[in-house]
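> let's see this in three dimensions:
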Amino acid sequence: MIKIKLTNPSNMKCFGGLLVTHQMNILSDYSIELTNSDDYDYEFVDMDKFINKNIPIEDSIKYGIDNMSKKTGDYFLFHGGGATDILGGYEVLQESNAKFLFKKSLLSREDYKEKTVLNKWWFGKGSICDAGYDIPQETYDRIKLTGYTVCHNWPHMQNLQPIGEKDLDVCAVYMATHPPDDYNYGVETGQYYTKHRRGGWDELEKISDKYNIVAQKLPPDVTQNVMQRSKIGISPYGQCEVCYRDLEIIQWGGLLIKPDMSKVITEPDFYKPMETYIPVKPDWSDLNETIEKVLANYKDYQYIIDNSRTKLVEMFSYHNVGRYWYDFFANQSEVESE
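So this is what the prediction gives:
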């Protein structure tokens, strides 16, 4: 049995998928135990212990390195949130004794080279904190996926809902304005969030006289009703590329259209163009053309809806999370196979 100690057992942002798998009594099926005692094999460190986004990035890195210098034993860093950025965590990984840095999603080594706002590629360039990394292969090999996404935080995301009558053509029911006082390392992030998300609504406005479109933020119960009635659901990036709205659209029987996810590496590897979703350009420039093509031949895309619902149930099983971590530990040289 592998014993894991979490530095903050209530941190869903970092450990959500793992905690839910534990709460469902599944981790023990894969010889893994979460413990609060000091008798543990590995310590999983939440990002609050090595990252502070309320101070300049240089100070955050120093904070993280200083904190980790006090650690003993084998520990892994968990860079919370669902985005592919590694800003702040990468530097601490390099300068500490941490064995690995874990993320819910990653980019390729090549894609990390480009300097972008807060190391978030869809935010563009031009801030006081643009970052990119030319990562040595041996270091990149120590940056791992967690085996779960933000969507694993809620067990009900596995549950398919009944498909109702589709009397709406398109829904884009999401929050489009981020609070303006949200700063990361001195960079106001809401402007990038809002530009991208409102960009989707702006494009839909151009075809609103041709189709029955709902594009606004709605209360949860109304949102679900609209998704159930919509042929197409639009899910943008936010602070992360992955969004729980992706799965909700599929749950309710909609066809997911989403900015291209081909850069984004996740486990499970769910985002397959023309298999589980239809990709559009991140700047939305081909959104309306794509919608018009789909609605003109909607039945031809039913296979994507059917396949995405099947894959959702198969790939987001919490047993897959347990198996992922079992396999991870089985491949560590210091772990004896039971």
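> residue 90: what's it in contact with?
If you count contacts by CB atoms under 8 Å, 6 or more residues apart in numbering, residue 90 has them with 101, 133, 135, 143. (Each C-beta comes from the backbone N, C-alpha and C, glycine too.)
> top of those residues by neighbour count?
residue 101 (24 neighbours; other CB atoms under 10 Å).
> so that one versus residue 214, what's the distance?
Separation of residue 101 from residue 214 (CB to CB, to the nearest Å): 40 Å.
> circling back to that earlier point, among the contacts of residue 90, which ones are in strands?
In strands, defined here by DSSP state E, the members of the contacts of residue 90 are 101, 143.
> and the furthest pair within the contacts of residue 90?
101 and 133 (11.8 Å; CB to CB).
> shared neighbours of these two, anything?
86, 90.
> what backbone torsions are found at the residue nearest to residue 199 when sequence neighbours are not counted?
Closest residue to residue 199 apart from its sequence neighbours, by CB to CB, 6 or more residues apart in numbering: residue 284 at 5.0 Å. Taking degrees, to the nearest 10, you get phi 70, psi 10 for the backbone angles of residue 284.
> wait, what's in contact with residue 284?
Per CB under 8 Å, 6+ apart, neighbours of residue 284: 199-200, 202-203, 259.
> also residue 142?
Residue 142 touches 93, 99-101, counting by CB under 8 Å, 6+ apart.
> again, but for residue 31
1-2, 326, 329, 338.
> thinking again about what came up before, and the pLDDT at the residue nearest to residue 199?
On the pLDDT scale, residue 284 is placed at 98.
> roughly how far apart are it and residue 201?
9 Å.
> in the helix or strand where residue 257 lies, what's buried?
Element membership for residue 257, per DSSP states H and E: strand 255-259. For strand 255-259, the neighbour count (16 or more other CB atoms under 10 Å) marks 255-259 as buried.
> nearest to residue 87 among the residues you listed?
Of the buried residues of strand 255-259, the one sitting nearest to residue 87 (CB to CB) turns out to be residue 259, at 20.9 Å.
> what about the nearest residue to that closest one once chain neighbours are set aside, how many neighbours?
Nearest-residue entry for residue 259: residue 282, 4.3 Å, with adjacent residues in sequence omitted and distances by CB to CB, 6+ apart. Per other CB under 10 Å, the neighbour tally for residue 282 reads 19.
> adding distance to residue 296 and pLDDT as columns, could you present the contacts of residue 90 in JSON lines?
Output for the contacts of residue 90, formatted as JSON lines (distance: CB to CB, whole Å; pLDDT from 0 to 100):
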{"residue": "101", "distance to residue 296": "46", "pLDDT": "98"}
{"residue": "133", "distance to residue 296": "44", "pLDDT": "98"}
{"residue": "135", "distance to residue 296": "44", "pLDDT": "98"}
{"residue": "143", "distance to residue 296": "43", "pLDDT": "98"}
